[in-house]
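**Student:** Starting from these lines, generate the structure:
(one chain, ligands or ions: 1)
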Amino acid sequence: MKILHTSDWHLGQRFYDQERHQEHALFLDFLLQTLKQEKIELLLICGDIFDNANPSRQAERLYYDFLLRLSSLGHCQAVIVAGNHDSASHLEAPQRLLKAFNIHVVGALSDDHDDALLQIKSKTPQDPGIWLAAVPYLRDRDLRRAVAGERFDEMEQRTKQGIIQSYATLASELQQRNHDNAPMLATGHLTAIGSSLSDSERHIHIGTLGSISAAQFPTAFDYIALGHLHRPQKVGGCETIRYSGSPLPLSFSEIKHDKSLRIISTEQGKIEQQSITIPRFRCLLTLKGSATELQQQIEALTAKEQLTPWLELVLTDSELAANDLKMLHECAKTCQVEILKIGLARQDAPITHLKESDRSIEELQPEEVFQHRLEHYQGRISHETLRGCFQQLLNRLHEEETL
Ligand SMILES: [Mn+2]
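**Tutor:** Next up, the predicted model:
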């Protein structure tokens, strides 16, 4: 059976205020074409389908149009699990309707695990298909209840144990059902240790210490399809625990690496994997130099991609002069590119040495701002505890997706 693993579509994402609709539409065309060519029988989408809990109507339409086209292929089922950006209930609302189209949606893990334990049958005779633990992003409140007086490190430990326990329970429940000894797979949306973060990802599950490592996933799973990190990668050197990565670069920090889809085949009980590079639909580029150098670089650009290039300009001059800005914008207009962001080059000094005027608040991560504030705090509560509480608040905020 051939399975395609993807995640972190972030439909409806706005990139510096620009809607990504066109790129997403082109990606979904490419995905459908791949599903067809590779004769994929199961599509796994491992969370963050939408960019936020209340996506635009246009993003929803793109999603449902895609699902309709997927089901018209006739040979491909889908399993969709929620990520931290998705609203579990929003995703699950059409659950029963979509089931009629062989599309299984899991927004949150139910107590009886019934929705999450799936047998996926293959149309090929003699192929035992697979058993799947369709695990969505496990919200803090699903994993543990707050206990009065609990210290931060205790809470963190309990969250981590909660995740490990959930996977262990699901693995043993699957094993009990798996009489044919078919391959067993799992999904997940979390940060696993041994993987690297980019600008547009956030620590979830209370910082990195709360995340689990490759060795803490049950060995019963032949492949674990993860979402949340945007760069395709394996976890802690383990070939069968992988992030597919996002199909589109979601920030300028993600443009250095190719985006891909992961294909897993389970023929004769052996797991084989292959990666398919997703074409770039839009040139995203960071250019660095003085205003004059930047102008020359823009004029020399030759983008082959279908959509208008988007640029981030990093000015090495000491200040942003109004004339330079005007000149660069005019140049961009003539060359048919769009400048989404212009900033002064960051100094390499650590945050404590930067004056407040050097960087705008938008450029700072919330953790950095808090750290900065902490350095001026001399009360009796330890910095570690305060940082922990702050991280937990941030976490809750991201979970609720009120952003
Ligand atoms: Mn995520």
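
**Student:** OK, contacts around the closest residue to the ion within the stretch 101-250 of the chain?
**Tutor:** Closest approach of the stretch 101-250 of the chain to the ion (C-beta to the ion) occurs at His228, with a separation of 3.9 Å. In this view, the C-beta of every residue, glycine as well, is placed from N, C-alpha and C. For His228, the contacting residues are 7-8, 46-48, 83-84, 137, 189-191, 201, 204, 243, by C-beta atoms under 8 Å, 6 or more residues apart in numbering.

**Student:** Thr302: which of those is nearest?
**Tutor:** Asp8 (29.7 Å; C-beta to C-beta).

**Student:** and the nearest residue to that closest one once chain neighbours are set aside, what element?
**Tutor:** Excluding the flanking residues, the one nearest Asp8 by C-beta to C-beta, 6 or more residues apart in numbering is Ser246, at 3.7 Å. Secondary structure assignment for Ser246, by DSSP states H and E: no helix or strand.

**Student:** Also Ser166?
**Tutor:** Using DSSP H and E, the element containing Ser166 is helix 152-177.

**Student:** Tell me the buried residues in that helix?
**Tutor:** Neighbour-count burial for helix 152-177 flags 152, 155-160, 162-163, 166-167, 170-171, 173-174 (criterion: 16 or more other C-beta atoms under 10 Å).

**Student:** got the residue ranges for the helices in the stretch 301-403 of the chain?
**Tutor:** 322-334, 366-374, 383-400 (DSSP state H, counting those that start in this stretch).

**Student:** Count the neighbours of the residue lying closest to Leu307 once chain neighbours are set aside for me.
**Tutor:** Once flanking residues are discounted, Leu307 sits nearest to Arg282: 4.0 Å by C-beta to C-beta, 6+ apart. Look at Arg282: counted by other C-beta atoms under 10 Å, it has 21 neighbours.

**Student:** which intervals of this protein have sub-threshold pLDDT?
**Tutor:** Counting by pLDDT under 70, the chain contains low-confidence residues at 144-148, 194-210, 346-363, 398-403.

**Student:** What are the structural domain limits within it?
**Tutor:** 2-277, 283-345, 355-403 (automatic domain parsing).

**Student:** Of those, flag the one that's most buried.
**Tutor:** Looking across the domains of the chain with neighbours counted as mean count of other C-beta atoms under 10 Å, the highest average goes to domain 2-277: a mean of 19.

**Student:** What is the distance between that one and the centre of its chain?
**Tutor:** Taking C-alpha atoms, centre = their mean, to the nearest Å, one finds the center of domain 2-277 at 9 Å from the center of the full chain.

**Student:** try stretch 301-308
**Tutor:** For stretch 301-308, the distance to the chain centre is 26 Å (C-alpha atoms, centre = their mean).

**Student:** What are the contacting residues of stretch 274-282?
**Tutor:** Counting by C-beta under 8 Å, 6+ apart, 22-23, 26-27, 30, 34, 38, 232, 247-248, 258-263, 265, 305-310 sit against stretch 274-282.

**Student:** thinking again about what came up before, next secondary structure after the helix holding Ser166?
**Tutor:** Following helix 152-177 in sequence, per DSSP H and E, is strand 184-189.

**Student:** So which elements touch that next one?
**Tutor:** strand 42-46, strand 77-81, strand 130-133, helix 152-177, strand 223-227 (3 or more C-beta pairs under 8 Å, 6 or more residues apart in numbering; DSSP states H and E).

**Student:** Export those as CSV, with columns for distance to His376.
**Tutor:** Output for these, formatted as CSV (distance: least, C-beta to C-beta, whole Å):
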stretch, distance to His376
strand 42-46, 41
strand 77-81, 43
strand 130-133, 47
helix 152-177, 21
strand 223-227, 38
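
**Student:** Ok, which of the ones you listed comes nearest Thr316?
**Tutor:** strand 223-227 (37.0 Å).

**Student:** Now do the phi/psi pair for Leu67.
**Tutor:** phi -60, psi -40 (degrees, to the nearest 10).

**Student:** Who are the contact partners of it?
**Tutor:** Ala78, Leu98, Phe101, Ile103.

**Student:** my guess is the last one contacts Leu70, does it?
**Tutor:** Yes: look at Ile103 against Leu70 with C-beta atoms under 8 Å: they come within range, at 7.4 Å.
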